[in-house]
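Enquirer: need the 3D shape of this:
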Amino acid sequence: MIHGGNIELLQSKRLGPLFVTQFLGALNDNVFKNALVMLITYRIAAEANMDGRILVSLAGGLFILPFFLFSALAGQWADKSEKSQLIRRIKLAEIAIMGLACLGFVLGNLWFLLTVLFLLGAQATFFGPVKYAILPNHLAKEELIAGNAFVEAGTFLAILLGTIASGLVVLKENGVELIMLAIMLIAVGGWYSSRFIPQAAAACPSLVIETNLISSTWSIMRQSAKQREVFLSIMGISWFWLTGATYLTQFPTFAKDIIGGNEEVVVLFLTVFSVGIGLGSLMCNRLLAGRVSAQYVPLGALGMALFSIDLVAASQRVIPGELIGVTTFLGHVANWRILVDLLGMAIASGIYIVPLYAIMQTSSSVENRSQVIAGNNIMNALFMVVSALSTVVLLALGFTIPGIFLAMAVANLLVASYICKLLPDALVKTLLARLFGLLYRVELKGWHHWESVGERAVIVVNHVSFLDAALLATYMPGKPTFAINTHMAGKWWVRPFLRLIDAFALDPSSPFAIKSLAKWVKEGRRCVIFPEGRITVTGALMKIYEGPGLIADRADAVVVPIRIDGAQFTPFSRLKGKVRLRWFPKIVLTMLPPRRFEVDREIKGRQRRQILGQQLYDLLSGMVFATSCWDQTLDHALLEARIIYGGGFHVLEDIQRQPVTYDRLITISRILGRRFRGYANPGATIGLLMPNSVAGVSAFFGLQAAGMVPAMLNFSSGLNNIRNACIAAQVQTILTSRRFVAMARLQEVLGELDASIRILYLEDIFQRLGKVEKMWGWLRGRRDLVLGGRKGDPDAAAVVLFTSGSEGTPKGVVLSHRNLMANCRQLSARIDYNPTDIVFNALPIFHSFGLTAGLLLPVLSGIKSFVYPSPLHYRIVPEMVYDCNATIMFGTDTFLKGYARVSNPYDYYSVRYVFAGAEKVKEDTRRMWMDRFGLRIFEGYGATETAPALATNTAMHYRPGTVGRFLPGIHYRLEKIPGIENGGQLLVSGPNVMKGYLRTEHPGVLEPPKDGWYDTGDIVEVDDQGYVTIAGRVKRFAKLAGEMVSLTAVENQAATLWPGRVHAVVAVADPKKGEQVVLVTDDPGANRNDWLEDARKKGIPELMVPKKIMIVDKVPVLGTGKLDYVAIKTMALG
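Expert: The predicted structure is shown next:
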């Protein structure tokens, strides 16, 4: 209930000394006052033959009277004086007054003691305004609720302790002497703690103090009444003190005459009441989370009324007899109802009172804040005096204590009704907040940004369900303006929620709608808009309309993004049949900092609309990524996906055609993880030599469950590269499969590896599994689902991949859990997919594209992944895509071209998206897929070092010839390269950038990217709309006669001249020009004369035409689909 930040606030010098000072002051007041009340009730009244009830009421009135008389003077002094010094003087006066109190106890004179009580009230009168007025001097606005909560909780804790001390001690032998000692020590302690209160400058040092008590009091009351919000807060606070005074002063008589309890029961009542006030105050701080708002005041008022009514009813069942103690009282079950009512009424009071003090402090001006608080004290005093006098009159008229409490309860009910009438929206919002909190466990993140929003703002929100508007109307401060479609506003189920908001009916067919709303916002309003214009039917962002961006631009307003997450899983979404719907999923509302769109004022019309629309889309997709959970391990993400999408969801399948559910995958991973820990310690790097298969994926997640790091070995790279990979990553154990080794003919490779490397076969592990171990795996999976699984570090290594080696020796690339999860969430923010999709992944999982996009992204997002062992089976892959009804597939240009040549046009009937990466997509490949299958190829770009995706084309942002736009969360810079006019060398940073390299020369030594920036080695251009074009690699440029020639551009020309074939261009040494360009191709008709003629027609320089053309049967290709430039260059040199 008390947050760590609030504890730090209490411990700070800004609040701590003041808290201790006011606590000790309140403690002293109550030790003395209640000691006197107990003496009157149980001794003095009987000895003097006087009515104890009247004397107790008189004592209460005398303590309150100075607040009424001297508050105006106290407020003026507080505004005129330096506050910390004034507090110290007041504490010195307290020491003198307590000295007089001791003299009164020694004399045993009741009237002298009542006079001292009056003086103590006067001291408290002068302390009150400065105590509350100094809080805004030392606390920020968002800390005021917490500060007031601590003050109120401390006040009533002091009441509790003072009551216990006086109630249990004063009537004992030598009790009065102990009280005398205590009040003197407490007074001195209060003065000492006040010395540490920081200075607070005088609010109005030039103020001329009005000494006429009547005129000054009247002046302050008129001043307080000028501000309605302040005056209503004062009235509300005063009613609280009237109620509290009535109950607190009558508890001793209520306990003795009505309940039949002795002083121990009085102490119990006061304890319960005081603890309840403290709990309510701290609870209010948590409910409001630092916001100064009257949101929960109506609820608190209603709680006070209802519990006070039930208190009267509960007390009627008690028949008093001989005085009983606490043990006997608690022994009767019926008496617990009285305690519950007291506690409930007190908690409701704490929730009621704290925000009223904060509103009074923040709404009053700095110059007269103390006087406003003094006005509050005057009104408090008036109400408490009225309470005391009314009680005396009612008792004189023959009312019993329960009768007085009933009258108080009825009055409370009337006041609560009035407050609810004043704040109907706050009441409804509070009740809805409680309801949503109960049903959906709603969590608010980042809502502290609201304080920096300003008057003019456009709040943009993703639209996932019919609950969205109600959630925002409930939790957003104030009464927000919603732009709502006129058609939607007319629906019967929408109209009840319109009373919580200011609705701006927007006719989408009207050309003036945006202008009208922009004018509305410019006048100083905050407007909520759903930029998608409809509820999502994909689960992801839909088309984004530029309207909200235009409105913010024209109104000079900030844009505030809010994400609603979780409501899409309710039946109130439009995802039925696409996701597993649940009645009560957890909902999170996340607010990001406000930002302002910047567009050159010279840009007008359609271009300006386009730029604003793009900025808005980038803001929202960036919001989706920033608010997604990627700070977690892969194992934890797997468990979370199972919770969201269900244990029976089929998430994985291979050529064995036995679908695997989440529950089965988690169970197998637990069993294998336990086995793996018998061979290596957590954190060890284990080589994984497996094809795309259920067994390979199970082993991967088994290593994750064991806390080990799989090193994904490329089985197609040959003995030398596998050996180097094991050396670089310090692999001592390799997991593989006997069947796979036999089919891939890898026996010789494994036999040639270092003898120190242990080979483990999955078949051997599975054969040794018994029923008990399988049951253990199932139970461990259930346990991890409840407890969250192994507590791993998201920044720890999750996998070691190896670069393709297309240009040299492969390097180990260490990717953390955060790298991989961030890249999955980056893709999720831009691509719409859902659990009805099926991913077909033939790209090997030892390749970053195949691992992240083809496996982790679908499996951790509730999408079935069909893993196929080889992308080179050109005739089989299309058949498998057709047979498994795949909707998303991945490939490289080489593979996609191969599939297209042999595919039936209907093989891809179910496919929605085809993504390509790893190499440039040729125009003839793109055209072939569009003409034959009606499918666009969404070309992307990435690197193993970036886990891998950096940019991609999508359904909403597609430009052929480019690799799309950068994903959210990625920062880039371009460094100029001499000789290259357009673009530059690309460097990137972001959460998906690797931990570092592992090299064979320095085994196990991590080489992190410098300052977190990874040099891609690629030359790219980025246009004004953010589309990225790859010009080629820095190493893929040749210098011919002083000119820089892009080998990639030469390859593209070859593909245009001879489409449908594989072409590779390399540079080799030339004694005359430094370097010469060589084309290696599988097209038997390729010749230099045709190329020269084509170049002349197109105006292409002859330097761009290869000096030599080499025709081969097959151009070398790596297992990942990339061209093997090392082998190609060897060919060219040969």
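
Enquirer: can you point out the buried residues in the host helix or strand of Leu616?
Expert: Under DSSP states H and E, the secondary-structure element containing Leu616 is helix 605-626. For helix 605-626, a neighbour-count test (16 or more other Cβ atoms under 10 Å) marks 608-609, 611-626 as buried. C-beta here means a position set from N, CA and C on the backbone, and glycine is covered the same way.

Enquirer: shaky segments in the stretch 951-1100 of the chain?
Expert: The model of the stretch 951-1100 of the chain has pLDDT under 70 over residues 979, 1034-1045, 1070-1074, 1099.

Enquirer: tell me where it has helices.
Expert: Listed in chain order, the helices of the stretch 951-1100 of the chain (DSSP state H, counting those that start in this stretch) span residues 1047-1057, 1088-1098.

Enquirer: kindly report the same for the stretch 801-950 of the chain.
Expert: Assigned by DSSP H, counting those that start in this stretch, the stretch 801-950 of the chain shows helices spanning 817-830, 848, 857-859, 876-883, 893-902, 923-933.

Enquirer: buried deepest among these, which one?
Expert: helix 848 (a mean of 32; mean count of other Cβ atoms under 10 Å).

Enquirer: rounded mean pLDDT for that one, please.
Expert: With pLDDT averaged residue by residue, helix 848 scores 90.

Enquirer: please apply the same query to stretch 239-247.
Expert: Per-residue pLDDT values across stretch 239-247 average out to 82.

Enquirer: which residues does that stretch contact?
Expert: The set of residues that contact stretch 239-247 without belonging to it, under Cβ atoms under 8 Å, 6 or more residues apart in numbering, is 60, 64, 273, 304, 308, 349, 352-353, 356, 380, 383-384, 386-388, 391, 404-405, 408, 412, 415.

Enquirer: which residue ranges of the stretch 651-800 of the chain form strands?
Expert: Using DSSP state E, counting those that start in this stretch, the strands assigned to the stretch 651-800 of the chain run over residues 660-661, 685-688, 709-712, 733-736, 758-761, 797-802.

Enquirer: the stretch 901-1050 of the chain too?
Expert: In the stretch 901-1050 of the chain, the strands defined using DSSP E, counting those that start in this stretch lie at 913-916, 937-942, 949-952, 965-966, 971-975, 984-989, 996-999, 1002-1007, 1014-1022, 1028-1033, 1037-1040, 1043-1046.

Enquirer: make CSV out of those strands and add mean neighbour count.
Expert: As requested, the strands of the stretch 901-1050 of the chain are arranged in CSV below (neighbours: other Cβ atoms under 10 Å):
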stretch, mean neighbour count
strand 913-916, 23
strand 937-942, 25
strand 949-952, 27
strand 965-966, 24
strand 971-975, 13
strand 984-989, 20
strand 996-999, 20
strand 1002-1007, 13
strand 1014-1022, 20
strand 1028-1033, 21
strand 1037-1040, 19
strand 1043-1046, 17
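
Enquirer: dump these to CSV, plus distance to Lys131.
Expert: Shown next, in CSV, are the strands of the stretch 901-1050 of the chain (distance: least, Cβ to Cβ, whole Å):
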stretch, distance to Lys131
strand 913-916, 65
strand 937-942, 61
strand 949-952, 58
strand 965-966, 55
strand 971-975, 50
strand 984-989, 51
strand 996-999, 57
strand 1002-1007, 57
strand 1014-1022, 57
strand 1028-1033, 62
strand 1037-1040, 75
strand 1043-1046, 75
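
Enquirer: who wins for proximity to Thr155 among these?
Expert: Of all those, the one in closest proximity to Thr155, counting by Cβ to Cβ, is strand 971-975 (51.6 Å).

Enquirer: tell me the angle that closest one makes with strand 1028-1033.
Expert: Orientation check (axes from the mean of the first three to the mean of the last three Cα atoms, to 10 degrees): strand 971-975 against strand 1028-1033 gives 50 degrees.

Enquirer: pretty sure Met304 sits against Ile419.
Expert: No. No contact is recorded between Met304 and Ile419 when judged using Cβ atoms under 8 Å, the distance being 10.2 Å.

Enquirer: who has more neighbours, these two?
Expert: Summary of the neighbour comparison: Met304 and Ile419, criterion other Cβ atoms under 10 Å, with Met304 having more neighbours (30 against 25).

Enquirer: please read off the pLDDT at the more buried one from the model.
Expert: Predicted confidence (pLDDT) at Met304: the value is 83.

Enquirer: ditto for Ser804
Expert: pLDDT for Ser804: 68.

Enquirer: excluding its backbone neighbours, what's nearest the residue most central in space within the chain?
Expert: Ranked by distance to the mean C-alpha position of the chain (Cα atoms, centre = their mean), the top residue is Lys445 at 4.0 Å. The spatially closest residue to Lys445, leaving aside those adjacent along the chain, is Thr590, at 4.3 Å (Cβ to Cβ, 6 or more residues apart in numbering).

Enquirer: and if you look at Gly300?
Expert: Tyr352 (3.0 Å).

Enquirer: local confidence estimate at the one you found?
Expert: Tyr352 carries a pLDDT score of 83 in this model.

Enquirer: just give the number of residues close to it.
Expert: Counted with other Cβ under 10 Å, residues neighbouring Tyr352 total 29.

Enquirer: helix, strand or coil for it?
Expert: helix (DSSP: H, G, I helix; E, B strand; the rest coil).
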